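In: Let me see the structure of the following:
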Amino acid sequence: MSASIITPKKLQNFIVENPTLTNEEIAKKFETTKRIVWANRGAMKSALTRANKESSNPIENKKAYMRAYYLRNKKEVKIKTFPHEKSVNKEIKYRDLVIKAIDKSTLRSGNIIGLPAEQFKTEQRIYNEISTNFNFFGVEKKDSVYYELLKNLGKNKFKMVVYPTELENILKSTTENSIAHLIADYCGQLHTYEKELTDAVKRNIVMIDGIIAITINKRITGAENHKFYDEMISLNETEVFNDSCKVEKAFNVFLQRLCGFNYRLENCIDYWSENENGGKGANMMLAIIRRVK
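Out: Numbers count the residues shown, from 1 in each chain. Modelled structure (predicted):
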């Protein structure tokens, strides 16, 4: 395709019709640069943001946008119905408990690392309600959420360093006693994160009197993944009736082993997120552990 006949409309239409193609692949198709493709994606995003303000159903618009412009690796990415920032129940049962646990700590400065999502509500509350002396670091691997987060940080003039990667990669390079609090709001399944959590606790990257808040989903997908939960449960004789109970029991056993003598388990609750219609969403669990020595 000749670069001389490129128009924004043609390029943007092509992006919409081929959502799984990367910027590089589209650039080769049009004999142009990745930066031009990236700029056109940005223009489309701005247009959608304006449309969202006038739409009666902005959530559906956002889903369409995420599917159209931020699919990666040539596969469909499902849009979750339990996003970090849209659950009233999470505000009450999750965020309040995390804030209270941090407020109990003697630490009023230092580094806080978390998974802040687009609106970084927990971090804002820590800054406004507890201390302005913390240094905030966020981790977000999804392009769409990452850029939206950066935009919102700038809009709110909130200081936070954000890394476009996995939390595991940041924790691996973190040294002993270098974090005041870790907010591991995974919202995923426990077996996916147990190794990085175990490593973080073993190396004592969180300072004494600092907390680690861990959020997981009470689901098990894939028959091969039951092995981890079965191994945890084999250390306890409590009968298990279904997958949800299995996750709950395995999580509690895992936390007991995780804490050892250096950490105290302060809270472990279950709650549910809300879906886009205000109904019951995903079954979740939150645990808060505190380093005591």
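In: domain parsing for the chain?
Out: Domain ranges of the chain: 3-69, 88-291, per automatic domain parsing.
In: export the ones you listed to a markdown table and tack on mean neighbour count and mean pLDDT?
Out: Glycine gets a C-beta too; all of them are placed from N, C-alpha and C. Output for the domains of the chain, formatted as a markdown table (neighbours: other C-beta atoms under 10 Å; pLDDT from 0 to 100):
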| stretch | mean neighbour count | mean pLDDT |
| --- | --- | --- |
| domain 3-69 | 14 | 61 |
| domain 88-291 | 17 | 90 |
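In: mind listing the strands for the stretch 151-293 of the chain?
Out: Listed in chain order, the strands of the stretch 151-293 of the chain (DSSP state E, counting those that start in this stretch) span 161-163, 181-188, 211-217, 263-274, 280-291.
In: In its sheet, which strands sit next to the first one, and in what direction?
Out: Within its sheet, strand 161-163 is paired with strand 134-139 (parallel), according to DSSP bridges.
In: how far off strand 181-188 does the strand it pairs with point, in degrees?
Out: 20 degrees (axes from the mean of the first three to the mean of the last three C-alpha atoms, to 10 degrees).
In: quick one: contacts of strand 134-139?
Out: Strand 134-139 is contacted by residues 108-116, 120, 123, 126-127, 149, 158-163, 165-167, 170, 180 when judged by C-beta atoms under 8 Å, 6 or more residues apart in numbering.
In: my guess is Y263 meets R257, correct?
Out: No: counting by C-beta atoms under 8 Å, Y263 does not reach R257; the two are 10.7 Å apart.
In: T33 - nearest residue in space that isn't next to it in sequence?
Out: Spatial nearest neighbour of T33, excluding adjacent residues (C-beta to C-beta, 6 or more residues apart in numbering): A27 at 5.7 Å.
In: Which residue ranges of the stretch 1-150 of the chain form strands?
Out: 110-114, 134-139.
In: got these as a markdown table, with distance to N204 columns?
Out: Formatted as a markdown table, the strands of the stretch 1-150 of the chain follow (distance: least, C-beta to C-beta, whole Å):
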| stretch | distance to N204 |
| --- | --- |
| strand 110-114 | 14 |
| strand 134-139 | 18 |
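In: looking at these, which is closest to E248?
Out: strand 110-114 (23.7 Å; C-beta to C-beta).
In: So what are the sheet partners of that closest one and their directions?
Out: Here, using DSSP bridges, strand 110-114 pairs with strand 134-139 (parallel), strand 181-188 (parallel).
In: In JSON lines: the ones you listed, plus distance to V292.
Out: Shown next, in JSON lines, are these (distance: least, C-beta to C-beta, whole Å):
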{"stretch": "strand 134-139", "distance to V292": "21"}
{"stretch": "strand 181-188", "distance to V292": "14"}
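In: now for these, which one comes closest to D199?
Out: strand 181-188 (12.1 Å).
In: how far off strand 211-217 does that closest one point, in degrees?
Out: 10 degrees.
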